[in-house]
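>>> Give me coordinates for this.
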Amino acid sequence: MSKINESPNTNNKYEKKISNLPQDDGWKPVGNLYKYQGFWYGPSLLQNVISAQESFTPQPSDIVLCSSPKSGTAWLKALAFSIVSRNQVNDSTNPLLKKLPHEIVPFLEIELAQDSNNRNLEIPFVATHIPYDSLPKPIIDSECKIIYICRDPKDVLISHWNFDQQVSGIGSESFPLEEALEQYCKGIYPFGPYWDHVLGFWKASLEFPEKVLFIKYEDLKTDGPFHVKRMAKFLGHPFSMEEEEEGDPEKVVNMCSFENLSRLEVNKNGKYYLPDLPTFVNKSFFRKGKAGDWKNYLTDGKAAKFNQIMAEKFSGSGLV
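From the prediction side, this is the model:
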């Protein structure tokens, strides 16, 4: 069995700072997690988060796509890219046909952390799981647009648990769901706590609605075209009346649907390579893509207890 992060991949610049942080090893597929600015990270990613905070410089036209892991990140990347590039590509030339969405839109805390110049400036997107208050200050202070996607935390838990088991090779006998649920409810897992992650962007979207757009995974599932048009308007790429009449918002939704992307050859058999992380098989990012899959894993009693905890955490925020 292996772990996603087995040991701190730190250089002398960060080693002492990270080693002195609070630690926890309860999320077994990852190994040691370190608490930094209120959130938990594996050591390699934490080094990159700190590096990005110190050195990342956004472009004024950048669009920053944000999420907690397993909340619809690949879907958000595909939708945003298709919206902005719809007049430059067509059904046969869209890069999504041959590339994983994560290959098109790089992660700030992975590919761009050490060198922000290592990017294709023709694609004005940066993705991140970094919480709002820990984003590099130049992003917060810039004119960059930010889109955040959130998802039912029960589905996030199940997706995260399944994904980390698959990537690490640690099976459910070594990391049972009950143990993952306990860690999740304590907020101790990569980029957790979930509630603080969501609330950071939720509050920013209320305070700066022209800069931060907050969308829900389940809303996209229910009425994709409406929310695609909402995203397009927010990004300054609104659909024209003619485009709407021709069904272009629906075409974007269909192109980026789980059913369409998951059947593409690149997403069935391709691999995704990242520095300091294991090699991912692309199909691991396309498990089910459903809302409510948690019902296949959590008993009514566990779900009710989970909902109570989340209701307490989100109490008073206005977010349901």
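
>>> What strand or helix carries Ala80?
Assessed by DSSP states H and E, Ala80 sits inside helix 73-84.

>>> From Pro106, how far out is the residue of the chain most remote from its centre?
Taking C-alpha atoms, centre = their mean, the residue of the chain most remote from its mean C-alpha position is Glu242, at 32.7 Å. As judged by C-beta to C-beta, to the nearest Å, Glu242 and Pro106 stand 33 Å apart. Glycine gets a C-beta too; all of them are placed from N, C-alpha and C.

>>> Tell me the pLDDT of the closest residue to Pro106 other than its chain neighbours.
Using C-beta to C-beta, 6 or more residues apart in numbering and skipping the chain neighbours, the partner closest in space to Pro106 is Leu112 (5.5 Å). Leu112 carries a pLDDT value of 85.

>>> three-state assignment of Leu112?
Secondary structure, DSSP: H, G, I helix; E, B strand; the rest coil: Leu112 is coil.

>>> Could you number the chain from 57 rather than 1 from now on?
All right, first residue 57 from here; so that's Leu168.

>>> how far away is it from Val120?
Going from Leu168 to Val120 by C-beta to C-beta gives 11 Å.

>>> what does Ile166 give?
Computed as C-beta to C-beta, the Ile166 to Val120 distance reads 14 Å.

>>> repeat for Asn363
30 Å.

>>> if you count what's nearby, which of those two comes out ahead?
Counted by other C-beta atoms under 10 Å, Asn363 and Val120 do not tie: Val120 has more neighbours, with 24 against 13.

>>> my guess is the more buried one meets Phe112, correct?
No. Val120 lies out of contact with Phe112 (C-beta atoms under 8 Å); the separation is 10.5 Å.

>>> What are the buried residues along stretch 313-330?
Using 16 or more other C-beta atoms under 10 Å as the burial criterion, the residues of stretch 313-330 that qualify are Ser313, Phe314, Leu317, Ser318, Leu320, Val322, Asn323, Gly326, Tyr328.
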